[in-house]
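1. Task: produce atomic coordinates for the following.
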Amino acid sequence: MSTLPAFDTLQLDLQETTGIATLWLNRPDSRNALNLRMCHELTAACEALEASAAVRVIVLRARGVAFCAGADLKERQGMSPAEMVARRVDGFTAYAALEAMSKPLIAAVHGAAFGSGCEIAAACDFVLATSEAAFKYPEVGWGTVGATQRLPRIVGRRMAKELLFTGRTVDAQEALRLGLVNHVYEPQAFDAAIAGMAERIAAANPLTVQLTKQCIDDGLDTTREGAMAIELVAIQQNLRHSDWRKAISGFGRKPDAVQEKGDAAA
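-> Reported below is the predicted structural model:
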């Protein structure tokens, strides 16, 4: 049996039969506001999930009425500029740990995802949302700078500027149009949709999924020629370490019943 660590601000669950782990933001009384402890625990949780051979897919969810209402501003009261910079670095470290996971990481967003909540979701591979989800980038309105890197890579330069300059709220359907989320579901269908997506990914070859993720992420940060070289190296690695012959051996074969019917007709 695989064991995962326990945390104060997070909860980790693992379905060992499928390899699907669920990482819950677990500060519901604070609407899952990101504090220093959660930053550190997110980083530690990513390390544990990455190291566990039993984990194939991770779903990032949240307890309570909100996904994450942003940074815990109460914690920042009275901080010096140096302390504020250090706190922001801890947040950046947590986002980077999520983004660096080699295993597929799905954000499942319900309710408010504001500020840090948007950054957490954006650090995942893709986002599923309920129709009640809402996204907001309030940094400029708070007199600070943030969310300037992931957001424009998702929605483009001009829309990122609009969302950051105005701090307006984006509902689930607009988030879908902008590419902030991949799919929107009614709340009553959300759990089944998450499970179906995670199970489909978990059923694939883990190495092939991880190499595909690496190729996409690394390839977008280089030239087209460099990206093709990255993919070629991944193909070679996959051929050496995966049972690709077995995967393609059944391609084109007819099921026995269909084959027998065809033989009889002949």
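
2. The stretch 151-266 of the chain: strands as residue ranges?
-> Using DSSP state E, counting those that start in this stretch, the strands assigned to the stretch 151-266 of the chain run over residues 169-171, 183-185.

3. Save the ones you listed as JSON lines, and put in distance to Leu34 too.
-> C-betas here are computed from N, CA, C, even on glycine. JSON lines is the format used below for the strands of the stretch 151-266 of the chain (distance: least, CB to CB, whole Å):
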{"stretch": "strand 169-171", "distance to Leu34": "19"}
{"stretch": "strand 183-185", "distance to Leu34": "24"}
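
4. and stretch 10-23, what's its mean pLDDT?
-> Mean pLDDT, computed over stretch 10-23, is 97.

5. Now that stretch: buried residues?
-> Leu10, Gln11, Leu12, Leu14, Gln15, Gly19, Ile20, Ala21, Thr22, Leu23 (16 or more other CB atoms under 10 Å).

6. same question, stretch 162-171
-> With burial defined by 16+ other CB under 10 Å, the residues of stretch 162-171 counted as buried are Leu163, Leu164, Val170.

7. In this structure the first one contacts Leu151, no?
-> Yes. Under the criterion of CB atoms under 8 Å, Leu163 is in contact with Leu151, at a separation of 6.7 Å.

8. Next, show the common contact partners of these two.
-> Tyr137 (CB atoms under 8 Å, 6 or more residues apart in numbering).

9. Per the annotation, how does this protein divide into domains?
-> 10-202, 205-249 (the TED database).

10. what number of residues lie near Gly70?
-> As a burial measure, Gly70 scores 24 neighbours (other CB atoms under 10 Å).

11. Find the least confident helix or strand in the protein, judged by mean pLDDT.
-> helix 256-265 (a mean of 40; mean pLDDT, DSSP states H and E).

12. if I pick Leu4, what's in contact with it?
-> Counting by CB under 8 Å, 6+ apart, Leu4 has contacts Leu12, Leu14, Ala21, Ala48, Leu49, Ser52.

13. measure the fourth one to Pro187 for me?
-> Using CB to CB, to the nearest Å, we find Ala48 at a distance of 30 Å from Pro187.

14. Compare neighbour counts for these two and give me the winner.
-> Using other CB under 10 Å as the criterion, Ala48 and Pro187 rank with Ala48 on top: 16 against 12.

15. from what I can see the more buried one touches Pro5, true?
-> Yes. At 5.3 Å, Ala48 counts as touching Pro5 under the criterion of CB under 8 Å.

16. so what sits against both of those two?
-> Leu12.

17. Can you get me a residue count around Ala100?
-> The number of residues packed near Ala100 is 12, by other CB under 10 Å.

18. Could you find the closest non-adjacent residue to it?
-> Nearest residue to Ala100 in three dimensions, chain neighbours excluded: Cys46, at 7.4 Å (CB to CB, 6 or more residues apart in numbering).

19. what stretches of this protein score poorly on pLDDT?
-> Counting by pLDDT under 70, the chain shows low-confidence ranges at 1-2, 242-266.

20. contact partners of stretch 73-82?
-> Contacts for stretch 73-82 (CB under 8 Å, 6+ apart): Ala33, Asn35, Leu36, Met84, Arg87, Trp142.

21. Which phi and psi values does the residue nearest to the third one when sequence neighbours are not counted adopt?
-> Nearest residue to Leu36 in three dimensions, chain neighbours excluded: Asp90, at 5.9 Å (CB to CB, 6+ apart). Reported as degrees, to the nearest 10, the phi and psi values for Asp90 are phi -60, psi -40.

22. rewinding a little: got a ChimeraX select line for the buried ones in the contacts of stretch 73-82?
-> Selection of buried members from those for ChimeraX, criterion 16+ other CB under 10 Å:
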select :33,35,36,87
